[in-house]
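Peer 1: Please find the sequence and the predicted model below.
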Amino acid sequence: MNRIFLLLFVFTSLVFAQENVKVGARLGTGFNIYFWRSYLSSHTNDALGMSYDAGLAFGFPILKGFSFTPELNFTYRNIQSSNSYGYDDRELKYYAEIEESRTEYLLGVPLLFEFRPNISGFFYMAIGAQLEFLFVSKLTLKNLDDDISTSIGRKHTDRNFFDLGFIPFAFGYVIKERARIDHKIVVTRTGENSRDYSARFDFGITYYFKH
């Protein structure tokens, strides 16, 4: 993890030394839909939650109307799902409604290629990849019948340190010369199991203080 922060420091220092590179601050929020393998069973469950981003946005011009626009976002997200679990045999029957809640902190790195159909216009589109480096992932199980919660550590075994995703579509509008809003769809694999993945609908606003 220390190496990642060192690389980020070196990268941002080099970027600030360039004259034709844009650097800005970005805030964002996202609505998340998760499909994961439950901690208590082998079934795949769906879950919903919100995420919040704060970080930096960059702009590297390549050609007129075409740029490389990566971001470094520190992200907090919380996702929840509720399911019924239990067993039934001849002597004993037991069922309970269990809520699974995951709280995660991570570094998200969207690698976007931006295209403006009209160079002098306000609308742009983008496509790219998403890298995610997970710092903390905490799973909490809560029995909704008796209101008892159990935490499964700061990191549980079904989460990877590194996740790779795809941004099939993104677009935005330039509000002023230094300010813009953006929307993007991010699809990411979120665990060791191939059935664990997420789809996020993201909204953000960026202000370039180096333009």
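Peer 2: Perfect, I can see it now.
Peer 1: low-scoring stretches of the protein, by residue?
Peer 2: Residues of the chain meeting the criterion pLDDT under 70: 1-19, 36-45, 82-97, 119-120, 144-159, 191-195, 210-211.
Peer 1: any idea how far Y52 lies from V136?
Peer 2: 15 Å (CB to CB, to the nearest Å). No exception for glycine: its C-beta is placed from N, CA and C like everyone else's.
Peer 1: mind listing what the longest strand anywhere in the chain pairs with, with the direction of each?
Peer 2: For the chain, the strand reaching the highest residue count under DSSP state E is reported as strand 93-115. For strand 93-115, the pairing partners within the sheet under DSSP bridges are strand 66-68 (antiparallel), strand 71-88 (antiparallel), strand 123-143 (antiparallel).
Peer 1: mind checking which of those is nearest N20?
Peer 2: strand 66-68 (10.5 Å; CB to CB).
Peer 1: list the buried ones in the closest one?
Peer 2: Buried residues in strand 66-68, counted by 16 or more other CB atoms under 10 Å: 67-68.
Peer 1: returning to what we had before: export the strands paired with strand 93-115 to a markdown table and tack on distance to R102?
Peer 2: Below are these laid out as a markdown table (distance: least, CB to CB, whole Å):
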| stretch | distance to R102 |
| --- | --- |
| strand 66-68 | 32 |
| strand 71-88 | 5 |
| strand 123-143 | 5 |
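Peer 1: To T29, which of these lies closest?
Peer 2: Nearest to T29, of the strands paired with strand 93-115 and by CB to CB, is strand 71-88 at 10.0 Å.
Peer 1: List the pairing partners of the stretch of helix or strand M50 belongs to within its sheet, with orientation.
Peer 2: Element membership for M50, per DSSP states H and E: strand 44-63. Sheet pairing of strand 44-63 (DSSP bridges) gives strand 22-37 (antiparallel), strand 66-68 (antiparallel), strand 71-88 (antiparallel).
Peer 1: want to try CSV for those strands, with distance to I167 as columns?
Peer 2: CSV is the format used below for the strands paired with strand 44-63 (distance: least, CB to CB, whole Å):
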stretch, distance to I167
strand 22-37, 12
strand 66-68, 13
strand 71-88, 11
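Peer 1: Comparing those, which stretch has the densest surroundings?
Peer 2: strand 22-37 (a mean of 18; mean count of other CB atoms under 10 Å).
Peer 1: neighbouring contacts of stretch 125-133?
Peer 2: With contact meaning CB atoms under 8 Å, 6 or more residues apart in numbering, stretch 125-133 is reached by 4, 69, 75, 106-117, 161-172, 184, 186, 188.
Peer 1: at 7 Å what do you get?
Peer 2: 4, 69, 106-115, 161-171, 186, 188 (CB atoms under 7 Å, 6 or more residues apart in numbering).
Peer 1: Buried subset of the residues you listed as a ChimeraX selection?
Peer 2: Per 16+ other CB under 10 Å, the buried members of the contacts of stretch 125-133 correspond to this ChimeraX selection:
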select :69,106,107,108,109,110,112,113,114,163,165,167,170,186,188
